[in-house]
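Q: Take this sequence and fold it.
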Amino acid sequence: MHDGLNGKIFVISAPSAGGKTTIINRLIDLFGGSLKKVITCTTRAIRDGEKDGVDYRFLSVDEFDNCLKKKAFFEHAKVYGNMYGVLKEDLFAEGHRVISLDSKGVENFKKKGVEAKYILVIPPSLEVLEARIKMRASENEADMKIRLAEAKKDMEQSKAYDFVVVNDKLDKAIEDCEKIMMGEINK
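A: Predicted structure coming up:
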């Protein structure tokens, strides 16, 4: 079994455009220095407003392949045509950590015995999620349909998570996640 060194690991998962990045960033602010974000590596293109080393580690395919060869990843997967990976050194650092994973990442973590608290953030409806994806304006119509189909599957897997938070109002979803995490830290 893998668990945190002197801390808890929190996994926050949500469908694409479900708010997980925003929620995690706000939680990091709320917890101050006592919660660290595990930054995932990806080969996908950087989006407007994202920062390398803050939102993701943006790697070329060659850089990602080098990490694979060095067995530097704890977990990795191909998602929507891009590679994503979690570096071992980041996941098993000291202190409380939070990481954003999709449902494949959650499945892989559980198979590998990662002792974490798994939180699924869901939209109030697929229609709301579709509107959020359209607002983000980073997907074409075909990609949006794929992401909505994946979101429906993700939401049907809610029993695989320790907690489910509905992101109807962002501040309330953040508050719910904070309460869950504080409750687990103080156990």
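Q: Show me the contact partners of the least confident helix or strand in the chain by mean pLDDT.
A: Taking mean pLDDT, DSSP states H and E as the measure, the helix or strand of the chain with the lowest value is helix 126-136, at a mean of 72. Applying C-beta atoms under 8 Å, 6 or more residues apart in numbering, the contact partners of helix 126-136 are 15-19, 123, 139, 144, 147-148, 151-152, 155, 168. Where C-beta positions appear, they are placed from N, C-alpha and C, glycine not excepted.
Q: and what of stretch 69-78?
A: Outside of stretch 69-78, the residues within contact range by C-beta under 8 Å, 6+ apart are 2, 41, 67-68, 83-89, 91-92, 102, 104-105, 108-109, 112.
Q: mind redoing it with 7 Å?
A: With C-beta atoms under 7 Å, 6 or more residues apart in numbering as the contact definition, stretch 69-78 has outside contacts at 67-68, 83-88, 91, 104-105, 108-109, 112.
Q: Please put the alpha-carbon coordinates of that stretch into PDB.
A: Listed next in PDB are the C-alpha coordinates belonging to stretch 69-78 (Å, rounded to 0.1, in the frame of the first residue of the first chain):
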ATOM      1  CA  LYS A  69      12.200   5.100 -19.800                       C
ATOM      2  CA  LYS A  70      13.500   6.300 -16.400                       C
ATOM      3  CA  LYS A  71      10.400   4.800 -14.700                       C
ATOM      4  CA  ALA A  72       9.800   8.300 -13.200                       C
ATOM      5  CA  PHE A  73       6.000   8.000 -13.300                       C
ATOM      6  CA  PHE A  74       3.900   6.400 -10.700                       C
ATOM      7  CA  GLU A  75       1.000   6.400 -13.100                       C
ATOM      8  CA  HIS A  76       0.400   7.500 -16.600                       C
ATOM      9  CA  ALA A  77      -2.300   7.200 -19.200                       C
ATOM     10  CA  LYS A  78      -3.300   8.400 -22.700                       C
END
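Q: as a whole number, average confidence for it?
A: Within the predicted structure, the mean pLDDT of stretch 69-78 is 93.
Q: going forward can the numbers begin at 9, since that is how I track them
A: Fine by me, first position is 9 from now on; the one you just mentioned is stretch 77-86.
Q: Which entries within the contacts of stretch 77-86 meet the buried criterion?
A: Under a neighbour-count criterion of 16 or more other C-beta atoms under 10 Å, the subset of the contacts of stretch 77-86 counted as buried comprises Cys75, Met91, Tyr92, Gly93, Val94, Leu95, Leu99, Lys112, Gly113, Asn116, Phe117.
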